[in-house]
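**Student:** predicted model and sequence follow; I will ask about them next.
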Amino acid sequence: MSAGVSSRALQAQALPAWRRAVLKVGSSLLAADGGGLTTRYAQALAGFIAASRAAGRQVVLVSSGAVAAGRALLRQHVPAGGDLAARQALAALGQAPMIALWQSLSPGPVAQVLLTHDDLRNRRRYLNARATLRELLALDVLPVVNENDTVAVDELKLGDNDNLAAIVAALVDADVLLIASDIDALYSADPRRDPLATPIANVETLTADVLAMAGGSGSAVGTGGMRTKLEAAIKAAAAGIPTALFSGREAATVDALAQGVLRGTLVAAGRSRMQARKYWLRHAPAAGGCIRVDAGAVRALAGGRASLLPGGMVEIHGDFHRGDLVEIVDVDGMPVARGLCQYGAGEARRLVGRHSREIEQALGYSYGAEVVHRDDLVTLGDSETAGEVNA
């Protein structure tokens, strides 16, 4: 499964319609043959990003390459392998040139966002990361995400940017996950060893048999392989997000993406993105506290298209933290909704009955106008009344 197998043999298919995408670019597309970074393949990928943004779409870039860039800067001092501490140092050194490469190819501003898996497991840090990425997208800035390799351990050893990209896709509610590498598709067997190996255009379900088709890393500079890409696709599918695997080394393949055409493998999502998120919100364990709301809030929330604003709250029970999943109940204590709370219980008590514009005055800061945003909320009733819970 290498660049030696041309993706021109792959059947062209429609890429799922999307408004927001996460694009993961592997080290093999950025590392120069003599060391350091090159724009050889990044140029076409940057062109795809620019064309997509010009068409009103949003792209979050998850980029590898920092370790390769750092090694080139200290080539005479660092062995080719190196222990974990050395690789972490190289990652720290290589972050600046990696970001500089993308900035040189981008017509607009680029922002660096460093994350670890722990940032995304912790609900408060999860919300903070999501708020930052959403604000960058709203400002028409290209976020370039990488693992914070100077503090991450297992992630750097495993070369887990594929899986990080899947988690980021769920974080920003992406419509599709795009994974570009020197691998042009999933094959029935390793095409480097089996001349009868055939590319697989569509994968409806990632079964054990499908996973068994995956080989190891296909390049000297990359630490992932098809296996990690399929693991990422599993995570994305669980969030209702399809994954497209394609070669970033073929300009025609990359250019076709901007026209909604995929030459690669498309891994389907088991359910829609909204269905997956609503299912999780409905069934995940909630924190011990709850928010009691008035009748007007109940009516507005029932439509499933409303956010809970401070003016709809009448009382806060128990304790919970920012980012916790909380129950929302009516004045009689009957559950009407559940969602991720932008504020902790102590903060929410100080906001009861207030207008959203008073949040910063009351707390000295603001995490946003909504106590629970409609994207983070699932209703427990059947009515479809629309609106917002206003002060």
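**Tutor:** Arrived safely, thanks for sending. Numbering: from 1, shown residues only.

**Student:** isn't there a strand covering Thr265?
**Tutor:** Yes: checked against DSSP: H, G, I helix; E, B strand; the rest coil, Thr265 lies within a strand.

**Student:** correct me if wrong: it contacts Asn202.
**Tutor:** Yes: between Thr265 and Asn202 there is a contact under Cβ atoms under 8 Å: 7.3 Å. Bear in mind the C-beta positions are built from the backbone N, C-alpha and C, glycine included.

**Student:** looking at the two, which is more packed in?
**Tutor:** Thr265 (27 against 11; other Cβ atoms under 10 Å).

**Student:** and the more buried one, what does it touch?
**Tutor:** Ala185, Leu186, Pro199, Ile200, Ala201, Asn202, Val203, Ala244, Leu245, Phe246 (Cβ atoms under 8 Å, 6 or more residues apart in numbering).

**Student:** and the third one, what's its pLDDT?
**Tutor:** At Pro199, the pLDDT value in this model is 90.

**Student:** backbone dihedrals for the nearest residue to it once chain neighbours are set aside, please?
**Tutor:** Among residues not flanking Pro199 along the chain, Ala185 sits closest, at 4.2 Å (Cβ to Cβ, 6 or more residues apart in numbering). Backbone torsions for Ala185, taken as degrees, to the nearest 10, come to phi -180, psi 170.

**Student:** gap between the nearest residue to Leu93 once chain neighbours are set aside and Pro335?
**Tutor:** Once flanking residues are discounted, Leu93 sits nearest to Gly70: 3.7 Å by Cβ to Cβ, 6+ apart. Between Gly70 and Pro335 the distance is 52 Å, computed by Cβ to Cβ, to the nearest Å.

**Student:** more neighbours, the two?
**Tutor:** Gly70 (26 against 14).

**Student:** and the helix or strand containing the more buried one, what's buried?
**Tutor:** In this assignment (DSSP states H and E), Gly70 forms part of helix 66-73. Buried residues in helix 66-73, counted by 16 or more other Cβ atoms under 10 Å: Ala66, Val67, Ala68, Ala69, Gly70, Arg71, Ala72.

**Student:** which among the residues you listed gets closest to Ile167?
**Tutor:** Using Cβ to Cβ, Ala66 comes nearest to Ile167 of these, at 18.3 Å.

**Student:** which residues are in contact with the closest one?
**Tutor:** For Ala66, the contact set (Cβ under 8 Å, 6+ apart) comprises Leu90, Ala91, Ala92, Gly94, Gln95, Met98, Asn146, Asp149.

**Student:** from these, which single one is nearest Cys341?
**Tutor:** Closest to Cys341, out of all of those and judged by Cβ to Cβ, is Asn146, at 29.3 Å.

**Student:** and the gap between the closest one and Gly364?
**Tutor:** In terms of Cβ to Cβ, Asn146 sits 32 Å off from Gly364.

**Student:** out of these two, which sits in the busier spot?
**Tutor:** Asn146 (23 against 7).

**Student:** now do the SS call for the more buried one.
**Tutor:** strand.

**Student:** pLDDT wise, what is it at?
**Tutor:** For Asn146, the predicted pLDDT is 88.

**Student:** what do you get for Gln11?
**Tutor:** 82.

**Student:** ok, now which ones touch it?
**Tutor:** Counted by Cβ under 8 Å, 6+ apart, Gln11 has contacts Ala201, Arg263.

**Student:** so it sits in a helix?
**Tutor:** No: counting by three-state DSSP, Gln11 is not found in a helix; it is coil.

**Student:** so what does it have for phi and psi?
**Tutor:** Per degrees, to the nearest 10, the backbone of Gln11 is at phi -70, psi 130.

**Student:** which parts of the stretch 151-300 of the chain are strands?
**Tutor:** 176-181, 186-187, 199-200, 202-203, 243-247, 261-262, 264-267, 290-293 (DSSP state E, counting those that start in this stretch).

**Student:** what would the ones you listed look like in CSV with distance to Leu127?
**Tutor:** Below are those laid out as CSV (distance: least, Cβ to Cβ, whole Å):
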stretch, distance to Leu127
strand 176-181, 21
strand 186-187, 34
strand 199-200, 37
strand 202-203, 32
strand 243-247, 25
strand 261-262, 32
strand 264-267, 28
strand 290-293, 16
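
**Student:** most tightly surrounded among those strands?
**Tutor:** Neighbour counts (mean count of other Cβ atoms under 10 Å) averaged over each of these peak at strand 176-181, with a mean of 29.

**Student:** mean confidence score for that one?
**Tutor:** Rounded mean pLDDT across strand 176-181 is 96.

**Student:** kindly report the same for stretch 264-275.
**Tutor:** On average, stretch 264-275 scores 83.

**Student:** between its first and last residues, how far does it reach?
**Tutor:** 26 Å (Cα to Cα, to the nearest Å).

**Student:** swap in stretch 261-275?
**Tutor:** End residues of stretch 261-275 are separated by 26 Å (Cα to Cα).
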